[in-house]
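# Sequence below, structure please.
(3 chains)
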Amino acid sequence: MPNENAAVSKRLPDSDGNPQQSHFVATEAFASIFEVLQGKGYTVIGPTIDQHAIVYDQVRSLQDLPQGWTDRQGAGEYRLERRDDNALFGYVVGPHSWKHFLFPPAMTVATADKTASGWTFQTPEDDPPKYAFLGVRACELAAMRVQDRVFMAGPYVDPAYHQRRSGALIIAVNCSQAAPTCFCTSMGTGPQCTSGFDLALTELTDGFVIAAATRDGEEILSELKSRPATVEELRQAAAVTQRAAEQVERRLDTTNIRDVLFANLDHPRWDDVAQRCLSCANCTMVCPTCFCSSVQEVSDLSGQHVERQRQWDSCFNFDFSYMNGGVIRDTTRSRYRQWLTHKLASWIDQFGSSGCVGCGRCIAWCPVGIDLTEEVAAIREPTS
Amino acid sequence: MSERPRLGVFKFASCDGCQLALLDAEDQLLQLAGAVRIAYFLEASSRIEPGPYDIALVEGSITTPADAERIQQIRRDAKFLVTIGACATAGGIQALRNWSDTDEFLRAVYARPEYISTLATSTAIADHVRVDFELRGCPINQQQLIEVLQSLLAGRRPRTPTHSICLDCKRRGTVCVMVAAGTPCLGPVTQAGCGAICPAYDRGCYGCYGPAVQANLASLTTHLIAKGEAREKVVYRLRGFNGYSPEFRAESDRLESIEEREG
Amino acid sequence: MSIPASTTPSSSQQVPNPWQAHAVSIRSIQQEIDGVSTYDLAFDNAAADGTYRFSPGQFNMLYLPGAGEIAISVSDDPARSASSCRHTVRTAGNVTRTLGKLQPGDTLGLRGPFGTAWPMADCIGRDVIIVAGGIGLAPLRPAIYTLLRERRCYGRLNLLLGARSPGTLLYRSEFAQWEERGLVVQTTVDQSTPDWTGNVGVVTLLLERLRSFDPTNSVLLCCGPEVMMKFTAVTAQHRGIPPERIWISMERNMQCAVGLCGHCQWGPEFVCKDGPVFRYDRIARWIDVERL
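Okay, here's the model as predicted:
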């Protein structure tokens, strides 16, 4: 059963290391990317406004994008606001992440049917759409790399993730601004998109500087009305990302973080955060790398047909660590500690990188605004 | 006819909504009727068979001296007693009387209050007899009820989730109303079961399924108050259908005592 | 300038689906002790029949549709048969209760084998001490069979078995045969009964008193309740066995069994794929941490 060929090395950049020449595509010309992608059979998922937020959902035209909108974020707070320009990608990251599409929140992984000769077992045919993800940020590219290692690099490969991931086209966008919740610069994941995409865009006032990193990306770019970017446009594009990088104010000190956290499993700060933590699981649900799931038995009334339904689960759920009539992590303190130490420390042992990409979602979407960077800083404080 | 398990459905102070959830499960109910013998279910049939019952579903709270007696007999007659709904598991909305003067209500509402025989409180079934399984909700979720019955018939312990509403919001892609719109919501401290309906319609959770396991009420209420909701309003928010559940009750009482201390 | 073709595997690439269960039917059920039975499960699928191989210490996921799935270590002789496989199960929860109602001929699902194995190769030329508590002997039985088959390859072999009471000593009927083939079996119980003339007390006492082994050239394999394994490891080190030759078998909530669902994490370890068998020095720092 073990599969040696696991890691998908996603679309290598040009072999001789030269970046493809960047092109400029005016906003009006960019509008045709939807037709181009649809023509190639892609279901385009991108940013759109819904439920007071910029979410990821199917987008069919430029009109679906959050043109002229931005997000204001803080600990436990997110608000949509008007921009004073017409930027299409002038926001940071919202409540959704791409894992919604790569690792669906609920799906049937196996079925069982009772026949005259006993139970038979099947794994259902999985026929997901061919996705094109539009507007993927640098931290989100990093999150995909992290989940690639979780789901595809081990001895066992998750078939659902593998299938969705390998069919997906990635159109990245370089951030033009940062939220107070962002800390990608601490995690070394952004704001510049460097790899893991087919196309990367940088939004200027009247269009996009676009670079293709793969043949698929180049093909799509060739179908848009474009011209080579001017030196001035390239300078402006660089300034956009530079501005975003400078706006990142939040820091997470990752120095020796694995050892620091493991050496502090009895730190009083865990009790302190447990007083505030709701153990509601929101942070794990919005996290673009959290991957825990559980399987539920769903049977028809006759009990002759059973579906094994996999759903997102969370280490914050009380019965997540249930075993032999008892629960191992039976306190919020132990569950918060599990989450934080897994994300920032044991993940490194397991998958060779941090599980945190610095997107800040867990800070913004915690209903009571718990901030992991603050918790880590407190744990680093020597206890008296 | 083979010996099918005998099912009894009993009602106490309640709106009948949870029993309706059972009646509404038409197709499943028909199949269920084949698997169990419905021995006592006044909402569905006037035929009454005496106990014992293999499974007793109990709806409603205890509000009268007669009911307090009757539940004792049902417990004696029942092998496995399941309470269904917020009234039976937490006293229901009528438990709001527990914070008031019942005699005053009687005098205000009834011309001849002496004809009324009532207790001063509305309490959960578990305050009176041992309960084998509690099915939460106002009303209960039909699928969960079917799962409970199916499990019991198969000799399994029923599986109903104990996690917060938030998990279900996220699974269905609902954006957090508290974070994105500042709408107060009990979702983080409420047990799942409804499918996270209210936030999907841009409303905060009302706590219909009662407290989630180890719910951290104090953190949530502190946050709501810090975000500008009056303490008195937070107390009202907690005193809903499950207001008299131990966790919600303790927290609303705590907030009220602060209110009183501070005048 | 050209861009290399996409290196992404096509979606048709053969990726074995870890969720696919094999149909197995119950060949026989043998009650061992109260609440514990051994199920011999035969592969119904011709493709799986005859090809199934496991290593001592590994586990399978047994699936009872509607009730759920549970990790059960294989308690069979790895050399016995490739068309059926024995599992010793204690009735504890929904899944095992449902299993308990089945009869020979009934079918269920099986995925596996999963996880790490006892270090049988490291045992060659060494004394081997097997320490088991209660049903913890089940995952060690395949190791015992393996040791006894090539008895001459190993030094002195000791089994130290603790149980709650004489009636809960697992596989008792096999002890004489094991002794005869060169495994010294010592038992102890927590609670004695009138007819019990053997040892009373925790299993670590047996290890403290054990004489017939060379600590510098021994391997210790241990499975039982966590606290028992912790104290066994401490005692073994006191007796001079180096931590890198002490092995324990851990238990956690294993659901997917392939390291994808997250449930069985224990510090940095996924017990399902990095374990269940761990070398003690690699996990010693975690065993003392509560609620990890």
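
# looking at it, B:T89 is touching B:G210, isn't it?
Yes - using C-beta atoms under 8 Å, B:T89 is in contact with B:G210, at 6.6 Å. Any C-beta I mention is one placed from the backbone N, CA and C, and that applies to glycine too.

# Find the residues that touch each one of those two.
Jointly contacting B:T89 and B:G210 under the rule C-beta atoms under 8 Å, 6 or more residues apart in numbering or on different chains are B:136, B:242, B:245.

# Strands along chain B, start to end?
Per DSSP state E, chain B carries strands over the ranges B:6-11, B:37-41, B:53-59, B:78-84, B:133-135.

# which of these sits most buried?
Using mean count of other C-beta atoms under 10 Å in any protein chain shown, the stretch among the strands of chain B with the largest mean neighbour count is strand B:53-59, at a mean of 25.

# so it versus strand B:6-11, what angle?
Counting by axes from the mean of the first three to the mean of the last three C-alpha atoms, to 10 degrees, strand B:53-59 lies at 20 degrees to strand B:6-11.

# can the lowest-mean-pLDDT helix or strand in chain B be found next to chain A?
When the helices and strands of chain B are compared on mean pLDDT, DSSP states H and E, helix B:26-35 comes out lowest with a mean of 77. Yes - if you take C-beta under 8 Å from any C-beta of the partner chain as the test, helix B:26-35 does meet chain A, through B:27-28, B:31-32.

# Which of the residues you listed sits closest to chain A?
Of all those, B:Q31 has the smallest distance to chain A: 4.7 Å, by C-beta to the nearest C-beta.

# ok, and the closest non-adjacent residue to the closest one?
Take B:Q31 and drop its neighbours on the chain: the residue closest to it by C-beta to C-beta, 6 or more residues apart in numbering or on different chains is A:L301, 4.7 Å away.

# Report the contact partners of residue 65.
Chain wasn't specified; assuming chain A. Neighbouring residues of A:L65 by C-beta under 8 Å, 6+ apart: A:46-48, A:59, A:88-89, A:135.

# actually it's chain B I care about, not the one you picked
With contact set as C-beta under 8 Å, 6+ apart, B:P65 has these partners: B:117, B:119.

# And it, how far from B:G51?
21 Å (C-beta to C-beta, to the nearest Å).

# who's the single nearest residue of the stretch 101-250 of chain A relative to chain C bridged to?
At 3.1 Å from chain C, A:G118 is the closest residue in the stretch 101-250 of chain A, using C-beta to the nearest C-beta. As for beta bridges, A:G118 partners with A:T115 under DSSP bridges.

# And the one 4 residues further on, by the same measure?
Partner residues in beta bridges with A:Q122: A:T111, with DSSP bridges as the criterion.

# Show the model's pLDDT score for it.
Note for A:Q122: predicted pLDDT of 97.

# Can you report how many residues lie near it?
A:Q122: 13 surrounding residues under other C-beta atoms under 10 Å in any protein chain shown.

# Contacts only, for it.
A:Q122 neighbours (C-beta under 8 Å, 6+ apart): A:110-113, C:20.

# again, but for A:D319
Here A:D319 is in contact with A:327, B:162, B:213 (criterion: C-beta under 8 Å, 6+ apart).

# Next, format those residues as JSON lines and append distance to A:L80.
Compiled in JSON lines, the contacts of A:D319 are given as follows (distance: C-beta to C-beta, whole Å):
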{"residue": "A:V327", "distance to A:L80": "39"}
{"residue": "B:T162", "distance to A:L80": "33"}
{"residue": "B:V213", "distance to A:L80": "34"}
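
# Report the contact partners of B:R203.
B:177, B:183.

# Quickly note the distance from it to chain C.
Between B:R203 and chain C the computed distance is 32 Å (C-beta to the nearest C-beta, to the nearest Å).

# and that residue, backbone torsions?
Here is the backbone geometry of B:R203 (degrees, to the nearest 10): phi -120, psi 150.

# gap between the spatially closest residue to B:L220 that is not a sequence neighbour and A:S346?
Among residues not flanking B:L220 along the chain, B:V189 sits closest, at 5.3 Å (C-beta to C-beta, 6+ apart). Separation of B:V189 from A:S346 (C-beta to C-beta): 29 Å.

# out of those two, which sits in the busier spot?
B:V189 (30 against 23).

# Tell me which residues touch that one, please.
A:278, A:280, B:164, B:207, B:211-212, B:215-217, B:220, B:247.

# among these, who's most crowded?
Among these, the one with the most neighbours (other C-beta under 10 Å) is B:S164, at 33 neighbours.

# Show me what that one bridges to in the sheet.
B:S164 has these beta-bridge partners by DSSP bridges: B:Q191.

# I'd say it and A:C277 touch.
No - B:S164 lies out of contact with A:C277 (C-beta under 8 Å); the separation is 11.7 Å.

# what's the domain layout of chain A?
With domains defined by automatic domain parsing, chain A comprises A:23-247, A:257-380.

# from the middle of its chain, how far away would the shortest one be?
Relative to its parent chain, domain A:257-380 has a centroid offset of 16 Å by C-alpha atoms, centre = their mean, to the nearest Å.

# Please name the nearest non-neighbouring residue to the residue most central in space within chain C.
Chain C has C:P139 as the residue nearest its centroid, 2.2 Å off, counting by C-alpha atoms, centre = their mean. Nearest residue to C:P139, sequence neighbours excluded (C-beta to C-beta, 6+ apart): C:S73, at 3.6 Å.

# again, but for C:I287
C:K230 (5.2 Å).

# in what helix or strand does that neighbour lie?
Per DSSP states H and E, C:K230 falls inside helix C:226-238.

# which other helices and strands contact that helix?
strand C:127-133, helix C:203-209, strand C:218-223, strand C:246-249, helix C:280-287 (3 or more C-beta pairs under 8 Å, 6 or more residues apart in numbering or on different chains; DSSP states H and E).

# With mean pLDDT as extra columns, can I get the ones you listed in a markdown table?
Shown next, in a markdown table, are those (pLDDT from 0 to 100):
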| stretch | mean pLDDT |
| --- | --- |
| strand C:127-133 | 98 |
| helix C:203-209 | 97 |
| strand C:218-223 | 98 |
| strand C:246-249 | 98 |
| helix C:280-287 | 96 |
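
# Which stretch among these approaches B:N98 most closely?
With C-beta to C-beta as the measure, helix C:280-287 is the member of the helices and strands packed on helix C:226-238 nearest B:N98 (47.7 Å).

# which of the residues in the closest one are buried?
If you call a residue buried by 16 or more other C-beta atoms under 10 Å in any protein chain shown, then helix C:280-287 has these buried ones: C:280, C:283-284, C:286-287.

# Contacts only, for residue 228.
Reading this off chain A. A:P228 neighbours (C-beta under 8 Å, 6+ apart): A:21-24.

# Correction: the question concerned chain C.
C:M228 neighbours (C-beta under 8 Å, 6+ apart): C:133, C:136, C:162, C:202-204, C:222.

# For A:E381, the count of nearby residues, please.
10.

# how about the closest residue to it other than its chain neighbours, phi and psi?
Distances taken as C-beta to C-beta, 6+ apart place A:R269 nearest to A:E381, at 7.9 Å, with adjacent residues excluded. With angles defined as degrees, to the nearest 10, A:R269 sits at phi -60, psi -30.

# ok, now which ones touch the residue nearest to B:T89 when sequence neighbours are not counted?
Excluding the flanking residues, the one nearest B:T89 by C-beta to C-beta, 6+ apart is B:E134, at 4.6 Å. Residues near B:E134 by C-beta under 8 Å, 6+ apart: B:82-83, B:88-89, B:126.
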